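In: have a look at this prediction, sequence included:
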Amino acid sequence: MTALKLENVNKSFGSVHVLKDINLTVEEGEFVVFVGPSGCGKSTLLRVIAGLEDATSGTITIGNEVVNTVPPAKRGIAMVFQSYALYPHLTVKDNMALGLKQEGQPKSIVQERVTSASRMLDLDQYLTRRPAELSGGQRQRVAIGRAIVRDPKLFLFDEPLSNLDAALRMNTRVEIAALHRTLSASMIYVTHDQIEAMTLADKIVVLRDGRIEQVGSPMELYNNPANRFVAGFLGSPS
Ligand code: ADP
Ligand code: MG
């Protein structure tokens, strides 16, 4: 089944046309990576999918449902940001549980999901700490945990590792790949990092100035880039 379908999606801010006729399909369980230069519209595209911004035109379908007018909390999506966006006054456990409590989930479900996610992410010893008492990598794992507990069909990651140092980036990348296998959810992942793109993606989407320049598997794009721009992004010689 198709997890996400974008048809002729456009987004303008006033007179600035940021997303231009985006057509894209994400299959269930697929790991899709968006790459492209700063300002090309990657974050805006994630925000439009999540419902944090309205599309100016076009159709967004998640599963079988057109979601253009569906509020973010009802889209079955969880988003993880570069900046973590944790609540400083809440413990790790309460940061992870907050979304579920707001959804009105019973205590037993909240407890069970938080326990399971914190085991998956090696956070079980940190549940009573506050964000200020954690390392950057641990904070990002809490942000990922907060997404996992909601059991979304589709995860959106906006450059989640770009605040981490190189070693931690590699560890966390491996963890995200393992999570993708465990959860068998669809994931869309924005990155600047060519290695992240090549190692994580089933499918890479290259964006340039608000348009999709090329879509393909890492090897397809590496061996057969449509142009120098794509080649430049993926490090192939042509
Ligand atoms: P990326 O994530 O690829 O770096 P963004 O999606 O953040 O790019 O931004 C794409 C373009 O849209 C940029 O020119 C940015 O200035 C513009 N933009 C993003 N959000 C807004 C907004 N809320 N209002 C006006 N312009 C915006
Ligand atoms: Mg961005």
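Out: Cool, the structure landed. Numbering: from 1, shown residues only. Ligands and ions are numbered 1, 2, ... in the order given.
In: give me the local confidence score for the closest residue in space to Pro88 that isn't next to it in sequence.
Out: Counting by C-beta to C-beta, 6 or more residues apart in numbering, Pro88 lies nearest to Pro131, which is 5.4 Å off, once chain neighbours are set aside. From N, CA and C alone the C-beta is placed, and that goes for glycine too. We have a pLDDT of 95 for Pro131.
In: likewise the one 10 residues further on?
Out: In the prediction, the pLDDT value recorded for Arg141 is 91.
In: which helix or which strand is home to it?
Out: Assigned by DSSP states H and E, Arg141 belongs to helix 136-148.
In: now that helix - C-alpha only, PDB.
Out: C-alpha atoms of helix 136-148 as PDB (Å, rounded to 0.1, in the frame of the first residue of the first chain):
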ATOM      1  CA  GLY A 136      22.900  16.100  22.900                       C
ATOM      2  CA  GLY A 137      22.700  12.500  21.600                       C
ATOM      3  CA  GLN A 138      20.400  11.500  24.500                       C
ATOM      4  CA  ARG A 139      18.200  14.500  24.000                       C
ATOM      5  CA  GLN A 140      17.800  13.600  20.300                       C
ATOM      6  CA  ARG A 141      16.900  10.000  21.400                       C
ATOM      7  CA  VAL A 142      14.200  11.400  23.700                       C
ATOM      8  CA  ALA A 143      12.800  13.400  20.700                       C
ATOM      9  CA  ILE A 144      12.800  10.200  18.600                       C
ATOM     10  CA  GLY A 145      11.200   8.400  21.600                       C
ATOM     11  CA  ARG A 146       8.500  11.000  21.700                       C
ATOM     12  CA  ALA A 147       7.700  10.200  18.100                       C
ATOM     13  CA  ILE A 148       7.800   6.400  18.500                       C
END
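In: identify the residues contacting it?
Out: The contact list for helix 136-148 (C-beta atoms under 8 Å, 6 or more residues apart in numbering) reads 78-81, 84-86, 92, 95-96, 98-99, 113-114, 117-118, 120-123, 126, 131, 134, 155, 160-161, 163-165, 168, 171-172, 175-176, 179, 183.
In: residue of this structure closest to ligand 2, please.
Out: Ser43 (3.2 Å; C-beta to the ion).
In: which other helices and strands does the longest helix seen in the chain contact?
Out: In the chain, taking DSSP state H as the definition, the longest helix is helix 166-183. Packing contacts for helix 166-183, counted by 3 or more C-beta pairs under 8 Å, 6 or more residues apart in numbering; DSSP states H and E, involve helix 136-148, strand 186-190, helix 194-200.
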